[in-house]
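**Q** A structural model of the following input is requested.
(chains A and B)
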Amino acid sequence: DAGVTQSPTHLIKTRGQQVTLRCSPISGHKSVSWYQQVLGQGPQFIFQYYEKEERGRGNFPDRFSARQFPNYSSELNVNALLLGDSALYLCASSLPTANYGYTFGSGTRLTVV
Amino acid sequence: TQLLEQSPQFLSIQEGENLTVYCNSSSVFSSLQWYRQEPGEGPVLLVTVVTGGEVKKLKRLTFQFGDARKDSSLHITAAQPGDTGLYLCAGGGGSGNTGKLIFGQGTTLQVKP
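**A** The predicted structure follows:
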């Protein structure tokens, strides 16, 4: 079975631009979460979606938005990019609650210049 | 605000030595997960513990969840160079959420041959 797939793997954007990151969960997983990992730190929770509805949102500005599609894939959008948005963006899929453990994708490395 | 404090942040040891990584919080979690992350990759789930006092063993790795479900430890026996990586603890199911994981800042382990 394919794991969690994310695209693109690397991205370079200019300040002020917008970016869309994509994620396909493991087959059968209806929950998708997004995390931001800055170099040298642990991942920070951005969003969780389950059955196409937002179940949780972390402490990120409104420039960050996401959605989940009927096939459970998901997109993360970031508007008006700042230098501080440079990070590894991780997508994880799981069964309904976090207690089952997450399967993470390899991430999208976003560099804002 | 729920926080997980990991210690130590960095550990450099010789092959064959034993080590313990600690993960502490003032918050109660319904589960505690340990992940290992290689450079440029997403975290990979090692274990999930859900019961206070629970001990799980995975070959040379021993994981323990504190009785009060606020802390956890990871002990590695006879470390090998292949154990090198970033170890992350993550708490799930804390008060007010069901899907969000709170990550510690990570422990970077280097095992020298």
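
**Q** Can you get me a residue count around residue A:93?
**A** A total of 24 residues lie near residue A:93 under the criterion other Cβ atoms under 10 Å in any protein chain shown. Heads up, the C-betas are built off the backbone N, CA and C, glycines and all.

**Q** looking at it, it is touching residue A:31, isn't it?
**A** Yes: Residue A:93 is in contact with residue A:31 according to Cβ atoms under 8 Å; the separation is 6.4 Å.

**Q** shared neighbours, those two?
**A** Overlap between the neighbourhoods of residue A:93 and residue A:31 consists of residue A:25, taking contacts as Cβ atoms under 8 Å, 6 or more residues apart in numbering or on different chains.

**Q** and chain A, which residues reach chain B?
**A** Neighbours of chain B within chain A, by Cβ under 8 Å from any Cβ of the partner chain: A:4, A:31, A:33, A:35, A:40-45, A:48, A:50, A:55-56, A:58, A:90, A:92, A:94, A:96-107, A:109.

**Q** Just the buried ones out of those residues, please.
**A** A:4, A:31, A:33, A:35, A:42-45, A:48, A:50, A:55-56, A:58, A:90, A:92, A:94, A:97-107, A:109 (16 or more other Cβ atoms under 10 Å in any protein chain shown).

**Q** Excluding sequence neighbours, find me the nearest residue to the most centrally placed residue in chain A.
**A** Chain A has residue A:34 as the residue nearest its centroid, 3.1 Å off, counting by Cα atoms, centre = their mean. The spatially closest residue to residue A:34, leaving aside those adjacent along the chain, is residue A:46, at 4.3 Å (Cβ to Cβ, 6 or more residues apart in numbering or on different chains).

**Q** thinking again about what came up before, host element of the residue nearest to the centre of chain A?
**A** Secondary-structure element containing residue A:34, defined by DSSP states H and E: strand A:31-37.

**Q** Name the strands paired with that strand and say parallel or antiparallel.
**A** For strand A:31-37, the pairing partners within the sheet under DSSP bridges are strand A:44-50 (antiparallel), strand A:87-94 (antiparallel).

**Q** so where's chain A uncertain?
**A** Along chain A, segments meeting pLDDT under 70 span A:1, A:96-99.

**Q** make it 50
**A** Per-residue confidence for chain A (pLDDT under 50) gives no ranges below the cut-off.

**Q** Then chain B?
**A** Applying pLDDT under 50 to chain B flags the ranges B:95-96.

**Q** can you list the residues of it near chain A?
**A** Contact residues of chain B with respect to chain A, defined by Cβ under 8 Å from any Cβ, are listed as B:4, B:6, B:30-31, B:33, B:35, B:40-45, B:48, B:50, B:88, B:90, B:92-93, B:97-106.

**Q** Please narrow these to those residing in strands.
**A** The strands, defined by DSSP state E, take in B:6, B:31, B:33, B:35, B:44-45, B:48, B:88, B:90, B:92, B:101-103 from the residues of chain B next to chain A.
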